[in-house]
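# Let's see this in three dimensions:
(one chain, ligands or ions: 1)
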Amino acid sequence: MRLRIDADKKLGSFSLEAHADVSGERIGIFGSSGSGKSTVVNLVAGLLKPDKGEIFLDDESLFSSSKKIDLSPEKRRIAIVFQHSMLFPHLSVKANLLYGYKRCAIENRHIKPESLIDLLKLKPLLNRGVKHLSGGEKQRVALGRAVLANPRLLLMDEPLSALDDRLRFQIIPYLKSVSEEFRIPYLFISHSLTEMQLMTEQVLVVSAGRITETTTPERLARNRMAESPKGYLNLLRLANPVLQNGLYLYRWGTNSLCISDGKPDEESLFELSSREIILFKNHPEAISARNLLECRVTEMFNSDGRVGIVLSANGEKLVAEIVRAAADELDITPGSTLFAAIKASSFSRLL
Ligand SMILES: Nc1ncnc2c1ncn2[C@@H]1O[C@H](COP(=O)(O)OP(=O)(O)OP(=O)(O)O)[C@@H](O)[C@H]1O
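Numbers count the residues shown, from 1 in each chain. Got it, this is the predicted structure:
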């Protein structure tokens, strides 16, 4: 998918000047509240009309003020999933799901309802009304309804922000697998760096009504390390722990990690802040932290006065964060060997 946007829009005292040319299947739009993310999405979807400019999806013009083109939202074949599921309250789950499908031209009906219902595990809910579904169930139905309209682009405008943390991370695999399975590219809007890392391969950064940067989620996370409340977030997927002295012992590549909060038998997703990793130049004799990993420094980067140390522990990557003075004192350079100490309680389980 290629999206080219060169569009201006004034809304009261807010003015958006959006210029970007981006290609990929999983694109993020990242920015703080009020920066203009939803306005960009609404312009692409055709829910808002630019004052002037051009918007192309692949080679098709969706909007052109000079050529007087303004495709209706239906003709654009772009579906949106919003923060609140916005299901039709008087219709059953099944009728909600089939709403867009029935209105989709027969030649565009590539996705079969049964396969989508299976993938989203919606079968047990089909005949229920939507009022009493949980938040996560509602978002799965909203996603299903959007996808069954057989769009060529899916816009997800903060689809997870109304859900609590556990649910957010339960829904993410559904969002990704639906897009992969049915080959629908998406624009994913969020102000969460973790969601950007899990959901996207490229990110447009929106700030004060401008698209200021096109970057990768990794570069974005590194750049924002110093200003983010939890620094750089290392995300680790670990499975099948062994319970040992009240702690969960996980294999992580060829390493072992001791974690306070695990989940027997299943895969879990853990978040580890770069600020929770203590670095030692030499092997510390006796420490209380349950994890001590011998690591090699593969890269270093700056983020507003803090130094990110990219570590390899037998090939597994971790990012630690220290102040410049500590990096100088320890004489850390790429290639250095360090010991990383991490408390078992420093890993927080997202899923
Ligand atoms: N119809 C409108 N009239 C006037 N101002 C508006 C209108 N719609 C949006 N705005 C303003 O435009 C700015 C950008 O809004 P937008 O919803 O695009 O931001 P956002 O980045 O999506 O924010 P959030 O993350 O909070 O949803 C905000 O300051 C908002 O108040």
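
# Identify the bridge partners of residue 255.
Judged by DSSP bridges, the bridge partners of residue 255 are residue 252.

# what is the rounded mean pLDDT of the longest strand along the chain?
Longest strand in the chain, counting residues (DSSP state E): strand 291-303. This predicted structure assigns strand 291-303 an average pLDDT of 97.

# who does that strand touch, helix- and strand-wise?
Strand 291-303 is packed against helix 217-223, strand 255-259, strand 306-313, strand 316-323, strand 337-342, with contacts defined by 3 or more CB pairs under 8 Å, 6 or more residues apart in numbering; DSSP states H and E. Quick note: C-beta positions are derived from backbone N, CA and C, even for glycine.

# per-residue confidence for the residue with the largest distance to the centre of the chain?
Relative to the C-alpha centroid of the chain, counting by CA atoms, centre = their mean, residue 285 is the outermost residue, at 39.9 Å. Model confidence at residue 285, given as pLDDT, is 83.

# gap between it and residue 247?
Going from residue 285 to residue 247 by CB to CB, to the nearest Å gives 21 Å.

# Now the closest residue to the ligand within the stretch 51-200 of the chain: closest residue in space that isn't a chain neighbour?
Using CB to the nearest ligand atom, the closest approach of the stretch 51-200 of the chain to the ligand is made by residue 191 at 5.6 Å. Excluding its sequence neighbours, the residue lying closest to residue 191 (CB to CB, 6 or more residues apart in numbering) is residue 32, at 5.8 Å.

# And residue 304, by the same measure?
Sequence neighbours aside, residue 226 is the residue nearest to residue 304 in space, at 3.7 Å (criterion: CB to CB, 6+ apart).

# That neighbour reaches residue 306, doesn't it?
Yes - Residue 226 lies in contact with residue 306 (CB atoms under 8 Å); the separation is 4.3 Å.

# between those two, what contacts are shared?
Residues touching both residue 226 and residue 306 by CB atoms under 8 Å, 6 or more residues apart in numbering: residue 321.

# for the residue of the stretch 251-351 of the chain found nearest the ligand, what are its contacts?
Closest to the ligand within the stretch 251-351 of the chain is residue 350: 21.2 Å, counting by CB to the nearest ligand atom. Residue 350 is in contact with 165, 166, 168, 169, 194, 235, 268, 269, 270, 271, counting by CB under 8 Å, 6+ apart.

# correct me, but the fifth one touches residue 273?
This points to residue 194. No - Residue 194 sits out of contact with residue 273 when judged by CB under 8 Å, with a separation of 11.0 Å.

# joint contacts of these two?
When contacts are counted by CB under 8 Å, 6+ apart, the set common to residue 194 and residue 273 consists of residue 233.

# what does this structure put close to the ligand?
Along the chain, the residues adjacent to the ligand under the rule CB under 6 Å from any ligand atom are 11, 12, 14, 31, 33, 34, 35, 36, 37, 38, 39, 191.

# ok, of those, which come out buried?
Neighbour-count burial within the residues of the chain next to the ligand applies to 31, 35, 36, 37, 38, 39, 191; the criterion is 16 or more other CB atoms under 10 Å.

# returning to that earlier point: out of the contacts of residue 350, which one has the lowest pLDDT?
Ranked by pLDDT, these bottom out at residue 166 (77).

# Spatially nearest residue to that residue, not counting backbone neighbours?
Nearest residue to residue 166 in three dimensions, chain neighbours excluded: residue 351, at 6.7 Å (CB to CB, 6+ apart).

# isn't the one you found right up against residue 167?
No - counting by CB under 8 Å, residue 351 sits too far from residue 167 to count as a contact (9.6 Å).

# which parts of the helix or strand of the chain with the lowest mean pLDDT are buried?
In the chain, no helix or strand scores lower on mean pLDDT, DSSP states H and E than helix 165-181, which sits at a mean of 85. Along helix 165-181, these residues count as buried under the neighbour rule (16+ other CB under 10 Å): 167, 168, 169, 170, 171, 172, 174, 175, 176, 178, 179.
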